[in-house]
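Undergrad: this is a predicted model, with the sequence first.
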Amino acid sequence: MSEQFSRWMPAAEQWIAEHREELIREIQDAVRIPSVSRPDQAAPGAPFGPECRRMLDHMLARGAAYGFRTRNMDGWAGTISMGDESHAIGIVGHLDVVPVGDGWVYPPFAGTWLPEHNALIGRGGDDNKGPAVAGLFLMRMIRDLGIPMRCGIRLYCGVSEENGMADMRHIRENGEKFPEVSLVPDAGFPVNYGQKGHLNGTVQARVDGNLLAFRSGSALNIIPDLAECEVAVSLSEAAAAAERLEEGLRKTLELAETPAGVRIRANGVSGHAAAPESSVNAIHLLCAALAGMGILTGSGREVIGALAELTADSWCESEGAAFADDISGKTTLVYSTADLADGLLTVGVDSRYSITYDAAELREKLDRAWEKRGFEEADISVSRPFYIPKDDPKVTALQQVYRELTGREDPPYTMGGGTYSREVPDAISFGFGMPGMQHDLSFLPAGHGGAHGRDEVLWMDKIENGMKLYLGALLALDSII
């Protein structure tokens, strides 16, 4: 551990302890703003809707109240700065959140503090408002303790990370001069040196027959745990058809009579689209059930059967486009939303493709597979992978900080999740998730507590641990850039 880091760590730990309750209140205030990014509600000065603008205004106001310089980039993003602006280290966090969904135990925007669990519950607390607010407090701590740094610190406050990162892309394309190096507190420790490419959007197919409605999902990057449809058949006919299904599939279903026929619901397990192995896609369950029941008529029978095939795996195998590399592993593909309106079934797709996979080749294979099954592209976008060599001096410096402070030998890693590292030059994802940190989620129902799930949990020991690691990271980077 560097001499400077060792010198300041006891004072930093004491400062964090003394400001803990204040930090919790600040995170609670941030969580209470329902800042789902809504480009469809764009207005002058609020390109991602009024709540994201309110969230940005709130965060910049808190930065100003603590005596830092602030800048609002016409609602696209904002900055809170201290020290030398011309030679700064960036911290790039986001204040927007994914949609809430149903079935929460605790109110999603209350910022409920549970001292007995050392945990705060609320949408966005963990992803990414808690780490962003911690970045602001880190700046306060450095200033209050008088820790000398040659570089300044610039905290970027984004408001559309969960919706394609148009915020950072816009300010970059409009001349923003980003720092020589930035840290993104939206992953896990230690250093994330690579992120898969991202292909997402929607495909569509025409549907006729007795399928009256089909609904599932709230966001492209969330695997849905609930899917429902309405079919113009009697409840007794549907119930008899369901008896023909394999028992495990049948138990995921709920049937109820409606004025027009029967409503069928399938219950899966939600999760992040970048890590589908721990989830059960409710769209697949419902489509597989409908295909097995044999109650659909018209083109709906073929389209739902095709969607059952496409959703049977999450590794592009159903599409004949599977690919993996040694750097980042398997390419993933999930179908995360579905909506039937006016005879058109629109299905959301989210693929995290391996770093060395050619995006054009992937897209060509997917188009062929979709066309074969009656689907066609409606709105597909592609963003490039992120990669920085493991032997880059910035990576090795951050890895050393991590090893010295934690005593752990975890190597740098790649992932399927995407962060601002894709859009911000020289931005390295680093924390706040901590390997080996165990927490008891037994006070919540199974499947709750995840960053994109119901009852999102922020553990305060994760924030406090991250602040100490970030102090070491800032001091290490300050000495080499």
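TA: Great, that's in hand. Residues are numbered from 1 along each chain as shown.

Undergrad: mind checking the SS state of the closest residue in space to residue 387 that isn't next to it in sequence?
TA: Once flanking residues are discounted, residue 387 sits nearest to residue 194: 4.5 Å by Cβ to Cβ, 6 or more residues apart in numbering. For the C-beta atoms, the positions are set from N, CA and C on the backbone; glycine is no exception. The three-state assignment at residue 194 reads strand, by DSSP: H, G, I helix; E, B strand; the rest coil.

Undergrad: let me know how buried residue 194 is, in neighbour terms.
TA: 21 (other Cβ atoms under 10 Å).

Undergrad: what do you get for the one 3 residues further on?
TA: Using other Cβ under 10 Å, residue 197 is surrounded by 25 other residues.

Undergrad: just to revisit the earlier point, how close does the residue nearest to residue 387 sit to residue 294?
TA: As judged by Cβ to Cβ, to the nearest Å, residue 194 and residue 294 stand 46 Å apart.

Undergrad: again, but for residue 262
TA: The spacing between residue 262 and residue 294, counted by Cβ to Cβ, is 14 Å.

Undergrad: could you do residue 113 as well?
TA: To residue 294, residue 113 is 51 Å away according to Cβ to Cβ.

Undergrad: of the two, which one has the most company?
TA: Ranked by neighbour count (other Cβ under 10 Å), residue 113 and residue 294 place residue 113 first, with 18 against 11.

Undergrad: and the more buried one, that's in a strand?
TA: Yes: under three-state DSSP, residue 113 sits within a strand.

Undergrad: okay but it is in contact with residue 21, surely?
TA: No: applying Cβ atoms under 8 Å as the test, residue 113 and residue 21 come out as separate, 9.6 Å apart.

Undergrad: residues contacting the residue nearest to residue 387?
TA: Residues in contact with residue 194 (Cβ atoms under 8 Å, 6 or more residues apart in numbering) are 327, 328, 355, 385, 386, 387, 388, 414, 415.

Undergrad: could you do residue 83 as well?
TA: Residue 83 makes contacts with 149, 151, 152, 153, as judged by Cβ under 8 Å, 6+ apart.

Undergrad: 10 Å instead?
TA: 68-69, 89, 139, 142-143, 149-154, 478 (Cβ atoms under 10 Å, 6 or more residues apart in numbering).

Undergrad: check residue 20 too.
TA: Counting by Cβ under 10 Å, 6+ apart, the residues that residue 20 touches are 137, 460, 463, 464.

Undergrad: one more: residue 113?
TA: Neighbour list for residue 113: 21, 24, 25, 27, 28, 119, 120, 121, 122, 458, 460 [criterion: Cβ under 10 Å, 6+ apart].

Undergrad: mind pulling up the pLDDT for residue 1?
TA: Note on residue 1: pLDDT of 53.

Undergrad: and what of residue 6?
TA: Looking at residue 6, its pLDDT stands at 79.

Undergrad: what secondary structure does it sit in?
TA: Residue 6 ends up helix, using three-state DSSP.

Undergrad: ok, residue 344 touching residue 205?
TA: Yes: with contact defined as Cβ atoms under 10 Å, residue 344 counts as touching residue 205 (7.6 Å).

Undergrad: which one of those two has more residues nearby?
TA: Between residue 344 and residue 205, counting by other Cβ under 10 Å, residue 205 is the more crowded of the two (23 against 12).

Undergrad: isn't the more buried one up against residue 306?
TA: Yes: using Cβ under 10 Å, residue 205 is in contact with residue 306, at 7.6 Å.

Undergrad: dump the C-alpha coordinates for stretch 357-369 into PDB.
TA: Below are the C-alpha coordinates for stretch 357-369, written out as PDB (Å, rounded to 0.1, in the frame of the first residue of the first chain):
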ATOM      1  CA  TYR A 357     -17.600 -11.600 -32.500                       C
ATOM      2  CA  ASP A 358     -18.200  -9.700 -35.700                       C
ATOM      3  CA  ALA A 359     -21.400  -7.700 -35.200                       C
ATOM      4  CA  ALA A 360     -22.300  -7.800 -38.800                       C
ATOM      5  CA  GLU A 361     -22.100 -11.600 -38.900                       C
ATOM      6  CA  LEU A 362     -24.200 -11.900 -35.800                       C
ATOM      7  CA  ARG A 363     -26.800  -9.600 -37.200                       C
ATOM      8  CA  GLU A 364     -27.000 -11.500 -40.500                       C
ATOM      9  CA  LYS A 365     -27.500 -14.800 -38.700                       C
ATOM     10  CA  LEU A 366     -30.200 -13.400 -36.500                       C
ATOM     11  CA  ASP A 367     -32.000 -11.800 -39.400                       C
ATOM     12  CA  ARG A 368     -32.100 -15.200 -41.200                       C
ATOM     13  CA  ALA A 369     -33.300 -17.000 -38.100                       C
END
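
Undergrad: tell me the mean pLDDT over that stretch?
TA: For stretch 357-369, mean pLDDT is 96.

Undergrad: that stretch: which residues count as buried?
TA: Buried residues in stretch 357-369, counting neighbours by 16 or more other Cβ atoms under 10 Å, are found at 357, 359, 362, 363, 365, 366, 367, 369.
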